[in-house]
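>>> how would this look folded up:
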Amino acid sequence: MASIVVNWPAEQNEHGRPLLWFGSWLQGHDGSEGAWFYSGHGGDRATYAIPGNAIGLRVRRWPNEGLDAEYADILQLESVGEVTPQALDFDAPQPFSHLAFDRQAPAPKERVGH
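As a prediction, the model looks like this:
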């Protein structure tokens with residue numbers, strides 16, 4: 001069975017507390033989330049067996065305790081030997097995002113009589 005190494009960094013969030021990391025497997029043609037394999041505050045380096053049905057993995061982090069997590073997806077796991085989460089681009093649109101990046105907001109309505 002193939003495996004992947006993740007080097008979870010020990011970083012601080014915006015409140016000066018340990019940053020929370022979460023790792024889960026992506027599966028299926030729509031990239032739905034499967035089982036999770038890591039939840040912690042980093043400072044860990046571990047090897048994980050890649051499940052047969054995994055098409056990728058998702059790394060989440062909580063830089064701010066009052067907001068939703070940011071995430072980055074890693075696909076084509078067979079070509080990745082080690083993941084370093086702090087090097088991932090959490091700001092880039094992700095392939096299995098449920099947000100409508102390709103939709104434009106409707107134009108504002110013109111105000112008449114003001």
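>>> pLDDT below threshold where in the protein?
97-114 (pLDDT under 70).
>>> do a quick rundown of the strands in it.
Per DSSP state E, the chain carries strands over the ranges 3-8, 20-27, 32-40, 44-49, 54-62, 70-75, 82-83.
>>> list the helices and strands the last one packs on?
Applying 3 or more C-beta pairs under 8 Å, 6 or more residues apart in numbering; DSSP states H and E, we find strand 82-83 packed against strand 3-8. C-beta here means a position set from N, CA and C on the backbone, and glycine is covered the same way.
>>> ok, which of the strands of the chain comes nearest P95?
P95 sits nearest to strand 70-75 of all the strands of the chain, at 5.9 Å, using C-beta to C-beta.
>>> and the closest one, what's buried?
Y71, A72, D73, I74 (16 or more other C-beta atoms under 10 Å).
>>> ok, the closest residue to N7 other than its chain neighbours to P85 distance?
Residue nearest to N7 in three dimensions, not counting chain neighbours: R45, with 4.7 Å by C-beta to C-beta, 6 or more residues apart in numbering. If you measure R45 against P85 using C-beta to C-beta, to the nearest Å, the figure is 11 Å.
>>> name the residues contacting each of these two.
Common contact partners of R45 and P85 (C-beta atoms under 8 Å, 6 or more residues apart in numbering): V6, N7, W8.
>>> ok, the first one to L88 distance?
It refers to V6. 11 Å.
>>> ok, the closest residue in space to N53 that isn't next to it in sequence to D89 distance?
Leaving aside its chain neighbours, N53 sits nearest to Q27 (4.8 Å; criterion: C-beta to C-beta, 6+ apart). Taken as C-beta to C-beta, the spacing of Q27 relative to D89 amounts to 22 Å.
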